[in-house]
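> Here is a sequence together with a model predicted from it:
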Amino acid sequence: MDHITRLTVNDKEIILVGTAHVSKQSAEEVKRVIESERPDTVCIELDQQRYQSLTDDNKWKEMDIFEVIKKKKASLLLMNLVISSFQKRLAKQFGIKPGQEMMQGIESAKEIDAKLVLADRNIQITFSRIWNGLGLWGKSKLMMVIIGSIFNKEDISEEELEKIKSEDMLDSMLQEFSQTFPDLKKTLIDERDQYLAQKIKEAPGDKVVAVVGAAHVPGIKEEIKKDHDLKELNKVPVKKNKSKIIGWLIPALILGLIGYTLLENPSAGLQQTISWILWNGSFAALGAAIAFAHPLAVITAFFIAPISSLNPLMAAGWFSGIVHVYFKRPNVNDFIQLSEDVYTVKGFWRNKVSRVLLIVILTNLGSTLGTIIGGADIVRVFFENI
């Protein structure tokens, strides 16, 4: 019963079941609580997209990889896959299905004829709010951490997993998380606590059972006392004018430095130009090559990166990704196997869908690194020759 929290809000009885997303005990506890409490409504920590993914294994087949690249969703989709991969690795280790406690909540709600409420915010909105709230360095750092997590094969005991449910451990984890990525903690945990709390509070009926991750229970207990604007929490922030200006100012500065140096010292200006092309192109091509892109996609990355780095509306990864897809387009089987292949590092690189995402992202990371080094070299040459 340590993981059960009872609240009364506006004469409504709310029972929070804090779960670990891949724990056998969590799924069993969800079943027991719903059957014994027989609530009017069961809320689960899922949005419509994740609900469909959980209940429909064929959902991946509907994905259009070209649309993913064109709509700049490669990074968001990779975040989703990595989180799914982590949960599935743990689920496979413990011999249960990922999201089993949520599936149990859905099934138990049907069995007692309770209303089902999908209480979480759309995962793409959450990721978009995270992504748009980070600067260039923050995005690069986050993607390196995400890609690095693909290689993490560390096992965890079920006893350790159950320990995560204690509030003391949770507070410690969240504190550590907020120190590493404070902006992510706000969007990924705090805002969703507010969203979940409001949806649970608005759920119909006099008695509600809410099945949520243990990490959200302390926040929901506090946030449910307040009123929150769901429309505001669902907004995707538009880039500020300041960010847009900086995005164009840096390329303008680089072009200005090269142009001025060419006029004053043509050989030094040529050196700057070659440096810019080589640093940008080489690192972008290296990123594409690491992801095992088609040779022409690697070449595309090399030639496009020096140009795309000077235009905030372009990204080298889009072009390398599209060229790769042209020659090695994922087939239906790749989409079917995607949910299984993300279990392993080898699977991420073998599956044509996840490989395209890696090509796009690693090319862009390489281009970003090349921009920083190439830009610094242009500044160096400029000051040496003025």
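Nice, thanks for sending it over.
> So which residues of the stretch 251-386 of the chain form helices?
Per DSSP state H, counting those that start in this stretch, the stretch 251-386 of the chain carries helices over the ranges 266-290, 295-308, 316-327, 332-341, 345-350, 352-385.
> Can you tell me which of these is packed in deepest?
Most buried of the helices of the stretch 251-386 of the chain, by mean neighbour count (mean count of other C-beta atoms under 10 Å): helix 316-327, with a mean of 24. From N, CA and C alone the C-beta is placed, and that goes for glycine too.
> Who are the packing partners of that helix?
helix 65-70, helix 266-290, helix 295-308, helix 352-385 (3 or more C-beta pairs under 8 Å, 6 or more residues apart in numbering; DSSP states H and E).
> okay if I get those helices as CSV plus mean pLDDT and distance to residue 40?
Formatted as CSV, the helices and strands packed on helix 316-327 follow (pLDDT from 0 to 100; distance: least, C-beta to C-beta, whole Å):
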stretch, mean pLDDT, distance to residue 40
helix 65-70, 61, 39
helix 266-290, 93, 52
helix 295-308, 95, 54
helix 352-385, 88, 41
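> Of these, which is nearest residue 254?
Of all these, helix 352-385 sits nearest to residue 254, with 5.8 Å by C-beta to C-beta.
> That closest one to helix 316-327, inter-axis angle?
Angle of helix 352-385 versus helix 316-327, following axes from the mean of the first three to the mean of the last three C-alpha atoms, to 10 degrees, is 140 degrees.
> ok, and what's touching stretch 4-14?
Residues from elsewhere that reach stretch 4-14 (C-beta atoms under 8 Å, 6 or more residues apart in numbering): 15-18, 29, 33, 200-201, 205-208, 210, 217, 221, 224-225.
> Which ones among those lie within helices?
Counting by DSSP state H, the contacts of stretch 4-14 place 29, 33, 200, 201, 217, 221 in helices.
> So which residues of the stretch 101-250 of the chain form helices?
Under DSSP H, counting those that start in this stretch, the stretch 101-250 of the chain gives helices at 123-132, 136-150, 158-163, 167-180, 182-185, 191-202, 217-223, 230-233, 241-264.
> Where among those helices is average confidence lowest?
Ranked by mean pLDDT, these bottom out at helix 167-180, with a mean of 48.
> What is the burial count for residue 226?
10 (other C-beta atoms under 10 Å).
> So it versus residue 100, what's the distance?
Look at residue 226 and residue 100: by C-beta to C-beta, to the nearest Å, they are 32 Å apart.
> before we move on, the earlier item: of the contacts of stretch 4-14, grab the buried ones for PyMOL.
Of those, the buried ones go into a single PyMOL selection, burial set by 16 or more other C-beta atoms under 10 Å:
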select buried, resi 15+16+17+18+29+33+200+201+208+210+217+221+224
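> Give me the spatial nearest neighbour of residue 265, chain neighbours excluded.
Once flanking residues are discounted, residue 265 sits nearest to residue 385: 4.7 Å by C-beta to C-beta, 6 or more residues apart in numbering.
> which ones are touching that neighbour?
Contacts of residue 385 by C-beta under 8 Å, 6+ apart are 261, 264, 265, 268.
> what's the answer for residue 290, then?
Counted by C-beta under 8 Å, 6+ apart, residue 290 has contacts residue 362.
> give me that answer again for 10 Å
Going by C-beta atoms under 10 Å, 6 or more residues apart in numbering, residue 290 touches 147, 298, 349, 358, 359, 362, 363, 365, 366.
> Quick one, grab the pLDDT at residue 37.
Residue 37 carries a pLDDT value of 93.
> check contacts around residue 374.
Residues near residue 374 by C-beta under 10 Å, 6+ apart: 254, 272, 274-283, 305-306, 309, 367.
> State the distance from residue 35 to residue 293.
Look at residue 35 and residue 293: by C-beta to C-beta, they are 52 Å apart.
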